[in-house]
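Student: Provided below are the primary sequence and the corresponding predicted coordinates.
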Amino acid sequence: MVARFMSLKEAVASCVKDGDTISMEGFTHLIPHAAGHEIIRQGIKDLTLIRMTPDMIYDQLIGAGCAKKLIFSWGGNPGVGSLHRLREAVQENWPHKLEIEEHSHAAMANAYDAGAAGLPCAVFKGYRGAELPRVNPNIKFIKCPFTGESLAAVPSIRPDVTVVHAQKANKKGDVLFEGIVGVQKEAVLAAKKSIVTVEEIVDDFGDISSNAVMLPNWAVTAIVEIPGGAHPSYAQGYYKRDNAFYKAWDPIARDREAFQAWIEEHVMNGGPEDFAAKREANKG
């Protein structure tokens, strides 16, 4: 498999279907908001959403009725407070019931790594003395056959589709991430299909930072050029985090009608091209 360049609409239509398990990763940085909006626009339903830190984009997907389950390790509007669409889905079953499966960050990171390696589960030191195993049946304890030590085990994460955002792709389809990264590489390698949105497509990467991460073209299904595609999160070297937007989201998400009006105006009647203007507004 070699990555294909296509539009966002084509990438989502060809890779994501109702009932899929989908991971959209990015750790405070390079969060694939534009791709999330396209999933909402296409009306894709019954998704199992996976993300280490579900924040605004998952609040929007959940509130729009796209999700049936959330697998996560922390959920909130960073620096602001709760995710009100997530909260109401869990507490009030609106727009419908949402199943949740909560883990620690360490468990999620190890589960992605195991998925990338083709393993059925992740084994690690953790959860001893914690309460999550009482409410999450997918946390087990096993005995090490070599030392006799008790170790935690969780199922590997192997999504149907992983969606991430990056700074650059070259014309061969290789992808470059720079700056803070989370588990994007592992999430892509663990998935059956992947969509990578990028700020730009270049001839070559030139000088890169020492902490850069690259994905080879054979690991990527679709590449889409979406300038500003991570807004309101940030893309190092391109634009800063839109802190005002995160604050503004709180009153919007608290009210069902305000949320639905926002989705209609900015998602259903919007498109990938809207993100380029947001990138320009947040440069610096």
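Tutor: Thanks, I have it. Everything numeric here is computed off the predicted structure, so don't read it as measured data. Residues are numbered from 1 along each chain as shown.

Student: need the contact list for the nearest residue to D113 once chain neighbours are set aside.
Tutor: Spatially, and ignoring its direct neighbours in sequence, D113 is nearest to E186 (5.2 Å; CB to CB, 6 or more residues apart in numbering). For the C-beta atoms, the positions are set from N, CA and C on the backbone; glycine is no exception. Counting by CB atoms under 8 Å, 6 or more residues apart in numbering, E186 touches 109, 112-113, 115-116.

Student: distance of E186 from A117?
Tutor: E186 is 9 Å from A117, where distance means CB to CB, to the nearest Å.

Student: Please apply the same query to K68.
Tutor: Separation of K68 from A117 (CB to CB): 28 Å.

Student: and the residue lying closest to F275 once chain neighbours are set aside, which of the three is it?
Tutor: In space, and not counting its chain neighbours, F275 is closest to G228: 3.5 Å by CB to CB, 6+ apart. With DSSP: H, G, I helix; E, B strand; the rest coil as the basis, G228 sits in coil.

Student: This structure: helices as residue ranges?
Tutor: Using DSSP state H, the helices of the chain run over 8-15, 33-41, 56-63, 84-92, 105-116, 132-135, 184-190, 243-254, 256-263, 274-281.

Student: What helices and strands are in contact with the second one?
Tutor: To tie it back to what came earlier, the one meant is helix 33-41. When contacts are defined as 3 or more CB pairs under 8 Å, 6 or more residues apart in numbering; DSSP states H and E, helix 33-41 packs onto helix 8-15, strand 21-24, helix 56-63, strand 161-170, strand 193-202.

Student: Quick check: which of these is buried the most?
Tutor: Ranked by mean neighbour count, the helices and strands packed on helix 33-41 are led by strand 161-170 with a mean of 27 (mean count of other CB atoms under 10 Å).

Student: coming back round to it: can you pick the most crowded of the contacts of E186?
Tutor: Neighbour counts for the contacts of E186, by other CB atoms under 10 Å, peak at Y112, which reaches 30 neighbours.

Student: Apart from its chain neighbours, what residue comes closest to that one?
Tutor: Per CB to CB, 6+ apart, closest to Y112 is E186, 4.0 Å.

Student: ok so, going back, any chance of the helices of the chain in TSV with distance to G206 and mean pLDDT as columns?
Tutor: Formatted as TSV, these follow (distance: least, CB to CB, whole Å; pLDDT from 0 to 100):
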stretch	distance to G206	mean pLDDT
helix 8-15	26	98
helix 33-41	25	98
helix 56-63	30	98
helix 84-92	40	98
helix 105-116	28	98
helix 132-135	45	95
helix 184-190	21	97
helix 243-254	30	97
helix 256-263	39	98
helix 274-281	21	90
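
Student: Make TSV out of these and add distance to D203.
Tutor: Below are the helices of the chain laid out as TSV (distance: least, CB to CB, whole Å):
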stretch	distance to D203
helix 8-15	22
helix 33-41	24
helix 56-63	31
helix 84-92	42
helix 105-116	29
helix 132-135	48
helix 184-190	23
helix 243-254	33
helix 256-263	38
helix 274-281	21
